[in-house]
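1. Give me the fold of what follows.
(one chain, ligands or ions: 1)
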Amino acid sequence: MCGIVGIIGNTPVAPQIVEALKRLEYRGYDSAGVATLEYGRLARCRAEGKLRNLEAKLSQSPLSGHIGIGHTRWATHGKPNETNAHPHATDKLAVVHNGIIENFRELKAALEAKGVRFETETDTEVVAQLVTYEMRQGRPPVEAVAVTLPRLRGAFALAFLFNGEDEVLIGARHGAPLAIGYGADEMYLGSDALALAPFTDDITYLEDGDWAILRRKGADIRDASGAMVQRPRHKIPAGSFMADKGNHRHFMAKEIHEQPEVVGRTLAHYVNFSAGRVELPFELPFDFKDLKRISISACGTAYLAGLVSKYWFERLARIPVEIDVASEFRYREAPLEPGELALFVSQSGETADTLASLRYAAAEKLHTLSVVNVPTSTMARESAVVAQTLAGVEVGVASTKAFTCQLTVLLSLAIAAGRARGTLSAEEEKELVDALIAVPGQMSEAMKREHDIEILARELSKAKDVLYLGRGTAYPLAMEGALKLKEISYIHAEGYAAGELKHGPIALIDETMPVIVIAPFDHIFEKTVSNMQEVAARGGRIILITDEKGALETGLDTLATIVMPSVHPVVAPILNSVPIQLLAYHTAVFMGKDVDQPRNLAKSVTVE
Ligand code: M6R
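-> Residues are numbered from 1 along each chain as shown. Prediction:
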């Protein structure tokens with residue numbers, strides 16, 4: 001987590017650093033800071049909380065140096081206060097850091113034994129003190145960094161600025177991303193190309209273990225052994241990063257409303273509309289018909305998209321699917337066979353656990369296929385096959401349009417797999433493709449329920465706890481509804497398989513507990529209705545999300561029924577995402593919460 005920036009230029013860099021940090025706030029917003037060289041001497045400005053607090057401080061006491069580093073923090077070690085805010089500095093240097101130094105305690109103890117005093121609770125300060133210690137032994141900055149980096153364990157990226165050295169910035173990448181940007185007599189470091197987009201489209205992504213010495217005229221890149229290496233330069237199209245709120249109050253609202261368009265765009269990439277068949281826009285290095293199993297790993301909402309797809313792959317293509325949250329997959333030592341397919345889902349393509357799972361699977365010689373939204377991300381670069389979701393830039397921390405685009409791609413893959421394995425006939429494929437093609441229009445129709453959902457949200461905002469229930473693909477969607485609500489409104493919410501209710505959670509139900517049931521009219525609808533009866537019998541207040549047929553057939557009093565357009569049951573989870581997103585959004589807005597940047601969260605989770 002955390003965003004880091006470094007600039008070595010010819011005009012005051014602090015405003016540019018702040019501009020770049022704004023683009024990195026998705027990585028955390030607990031505190032922010034900048035360090036520059038003022039007439040050769042290190043100077044810092046740091047502030048607790050969002051970047052606007054740092055901007056306010058800088059407008060009172062501007063920094064004018066032409067070289068500097070900046071940071072936006074998601075706290076791991078130490079409270080999110082100003083003392084723990086980056087850059088961390090000594091009399092020799094300032095450093096910003098993204099990731100975790102896992103062995104910081106032993107390194108700190110060794111330094112303390114030598115009389116070094118620490119001011120903060122962070123793991124980062126140990127890096128500042130280690131390099132400072134080496135410099136006190138007479139090593140120049142580059143050499144001091146060179147001997148320090150191999151002593152650090154964990155996944156991290158670093159940027160260093162040195163007192164009195166206005167021609168050198170050093171950046172290092174070890175498990176967390178770092179990019180170099182090339183300008184005209186200016187050089188840049190950034191956690192990603194997005195941060196550097198206002199200044200340059202000429203980018204080099206450092207590889208793991210690389211570190212780079214930046215001067216105004218260019219960069220020397222070295223690998224972990226210290227050998228000079230060349231890394232490719234990429235032209236990143238300027239338009240790839242455009243994001244504004246349009247006429248919406250929040251990015252999340254804009255992103256919910258964009259779904260008909262971006263799902264349509266994604267579909268057009270995977271489906272031949274006139275032929276009524278899926279046509280994947282890439283070659284596969286394996287044949288679906290030879291696969292014995294797919295292992296899916298992902299985190300958060302992306303994991304829940306993967307869980308929906310388990311139902312699709314198993315039902316449509318008869319391929320057994322195992323699915324894990326990525327933080328479990330990489331450590332549970334599951335028996336894996338070379339040649340199997342490992343499938344990863346990620347909006348950012350940078351999530352540390354998912355990326356580590358991808359590397360683990362690649363090392364085990366599995367085929368790797370990643371469904372990612374950011375085409376320049378590390379996962380996109382490291383996967384054998386990339387299935388891109390064309391959701392566009394997603395800014396809101398709560399994932400919405402990325403989720404429905406992930407579902408769209410995953411269903412296309414499941415259909416392609418079904419065809420390859422002979423478990424789907426051409427007619428069945430056409431029926432599914434026609435159902436998919438209708439989804440964008442039906443999503444627009446579903447948006448018309450927004451006013452009713454907004455009124456319902458006022459009721460939901462009074463709840464302390466909310467239960468979401470569903471069966472089949474509506475079960476992962478129930479979990480997604482609960483995740484959306486809890487992350488932006490801070491109301492406690494759980495998603496359960498409706499049939500599991502009676503095995504424990506039913507004890508929670510009373511007249512204060514809203515129970516949101518997602519129940520399209522499908523082959524298990526009646527079973528879900530029985531579960532709703534059990535809730536109603538105990539006074540639970542039901543909010544039902546169903547379609548016209550379901551609304552007619554339920555025969556139960558509900559607090560509210562949200563009636564969605566009737567669709568093919570297979571595509572229902574894509575469509576039913578809309579009301580659960582709108583319900584969470586309006587509840588949080590009504591409660592006055594910061595929906596785009598909820599507390600304690602970050603858009604991209606690049607630490608374990
Ligand atoms: O970038 P990724 O899709 O890999 O991110 C995974 C999760 O961190 C993410 O989906 C998270 O759960 C969202 N905040 C949910 O809205």
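2. any idea which residue of the protein is furthest from its center?
-> Distance from the C-alpha centroid of the chain, by CA atoms, centre = their mean, peaks at Gly138 (42.6 Å).
3. tell me the domain ranges of the protein?
-> 3-242, 254-424, 446-590 (automatic domain parsing).
4. Flag every residue of this structure that's near the ligand.
-> Contact residues (CB under 6 Å from any ligand atom) of the chain with the ligand: 299-302, 346-348, 351, 354, 397-399, 483, 487, 604-605. The way it works is simple: take the backbone N, C-alpha and C, and place the C-beta from them, glycine included.
5. could you point out where the stretch 101-250 of the chain is predicted with low confidence?
-> 238-243 (pLDDT under 70).
6. Now do the strands in it.
-> 154-162, 169-174, 179-182, 187-190, 202-205, 211-215, 218-222, 228-229, 234-235 (DSSP state E, counting those that start in this stretch).
7. Please identify the most buried of the ones you listed.
-> strand 187-190 (a mean of 29; mean count of other CB atoms under 10 Å).
8. Next up, phi/psi of whatever residue of the stretch 151-300 of the chain ends up closest to the ligand, please.
-> Closest to the ligand within the stretch 151-300 of the chain is Gly300: 1.9 Å, counting by CB to the nearest ligand atom. Main-chain torsions, Gly300, degrees, to the nearest 10: phi 60, psi -130.
9. Now stretch 397-410: average pLDDT?
-> Averaged over stretch 397-410, pLDDT sits at 97.
10. Using pLDDT, spot the least trustworthy of the residues of the chain next to the ligand.
-> Scoring the residues of the chain next to the ligand by pLDDT puts Ser604 last, at 82.
11. Name the strands paired with the helix or strand hosting Thr561 and say parallel or antiparallel.
-> Using DSSP states H and E, Thr561 sits within strand 560-564. As defined by DSSP bridges, the strand partners of strand 560-564 come to strand 541-547 (parallel).
12. sec struct for the residue in the stretch 1-150 of the chain that the ligand sits nearest to, please.
-> With CB to the nearest ligand atom as the measure, Tyr26 is the residue of the stretch 1-150 of the chain nearest to the ligand, at 9.6 Å. Recorded secondary structure, Tyr26: helix (DSSP: H, G, I helix; E, B strand; the rest coil).
13. Who are the contact partners of the closest residue to it other than its chain neighbours?
-> Of all residues beyond its chain neighbours, the one nearest Tyr26 is Lys603 (3.3 Å), with distances taken as CB to CB, 6 or more residues apart in numbering. Neighbour list for Lys603: Tyr26, Arg27, Ser348, Glu394, Val395, Gly396, Val397 [criterion: CB atoms under 8 Å, 6 or more residues apart in numbering].
14. residues contacting the third one?
-> So that's Ser348. Each residue near Ser348 by CB under 8 Å, 6+ apart is listed here: Val372, Asn373, Val374, Ser377, Lys603, Ser604.
15. go on, the last one?
-> For Val397, the contact set (CB under 8 Å, 6+ apart) comprises Tyr26, Glu487, Ile488, Asp596, Gln597, Pro598, Leu601, Ala602, Lys603.
16. For the host helix or strand of the second one, name the packing helices and strands.
-> Pointing back at Glu487 there. Taking DSSP H and E as the criterion, Glu487 maps to helix 474-489. Using 3 or more CB pairs under 8 Å, 6 or more residues apart in numbering; DSSP states H and E, the elements in contact with helix 474-489 are helix 300-317, strand 465-470, strand 492-497, strand 514-518, helix 572-590.
17. okay, these in CSV with mean neighbour count next?
-> Listed next are the helices and strands packed on helix 474-489 as CSV, based on neighbours: other CB atoms under 10 Å:
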stretch, mean neighbour count
helix 300-317, 24
strand 465-470, 26
strand 492-497, 20
strand 514-518, 28
helix 572-590, 27
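18. who wins for proximity to Ala536 among the ones you listed?
-> Ranking the helices and strands packed on helix 474-489 by proximity to Ala536 (CB to CB) places strand 514-518 first, at 9.0 Å.
19. Pairing partners for the closest one, with directions?
-> As assigned by DSSP bridges, strand 514-518 forms pairs with strand 465-470 (parallel), strand 541-547 (parallel).
20. Nearest to Pro320, out of the ones you listed?
-> Of all the strands paired with strand 514-518, it is strand 465-470 that lies closest to Pro320, at 22.3 Å by CB to CB.
21. contacting residues around the closest one?
-> 460, 476-479, 481-482, 485, 491-498, 501, 505, 508-509, 513-519, 528, 531-532, 535, 540, 580.
22. so where's this structure shaky on pLDDT?
-> In the chain (pLDDT under 70), the answer is 238-243.
23. and the residue lying closest to Asp557 once chain neighbours are set aside, how many neighbours does it have?
-> Of all residues not flanking Asp557 in the chain, Ala536 sits nearest, at 7.0 Å (CB to CB, 6+ apart). For Ala536, the neighbour count with other CB atoms under 10 Å is 16.
24. Could you check how far Ala536 is from the ligand?
-> 30 Å (CB to the nearest ligand atom, to the nearest Å).
25. Where does that residue fall, secondary structure wise?
-> helix 525-537.
26. buried residues in that helix?
-> Phe525, Thr528, Val529, Asn531, Met532, Val535, Ala536 (16 or more other CB atoms under 10 Å).
27. Tell me which residues touch the closest residue to the fourth one other than its chain neighbours, please.
-> Using CB to CB, 6+ apart and skipping residues adjacent in sequence, the residue nearest Asn531 is Ala498, 4.1 Å away. When contacts are counted by CB under 8 Å, 6+ apart, Ala498 is found next to Leu469, Gly470, Arg471, Ala474, Tyr475, Ala478, Val517, Ala519, Lys527, Thr528, Asn531, Met532.
28. Could you verify that Ala35 is part of a helix?
-> No. Counting by three-state DSSP, Ala35 is located in no helix; its state is strand.
29. for it, which residues make a bridge with it?
-> Those that pair with Ala35 in a beta bridge, by DSSP bridges, are Arg44, Ile69.
30. Tell me if I'm right that it and Ala43 touch.
-> Yes. In this structure Ala35 lies within contact range of Ala43 using CB atoms under 8 Å: 6.8 Å.
31. Looking at those two, which is more packed in?
-> The residue with more neighbours, out of Ala35 and Ala43 and counting by other CB under 10 Å, is Ala35; that gives 30 against 18.
32. gap between His529 and Ala482?
-> If you look again at residue 529, you'll see it is Val, not His. Noted for Val529: a distance of 21 Å to Ala482, by CB to CB, to the nearest Å.
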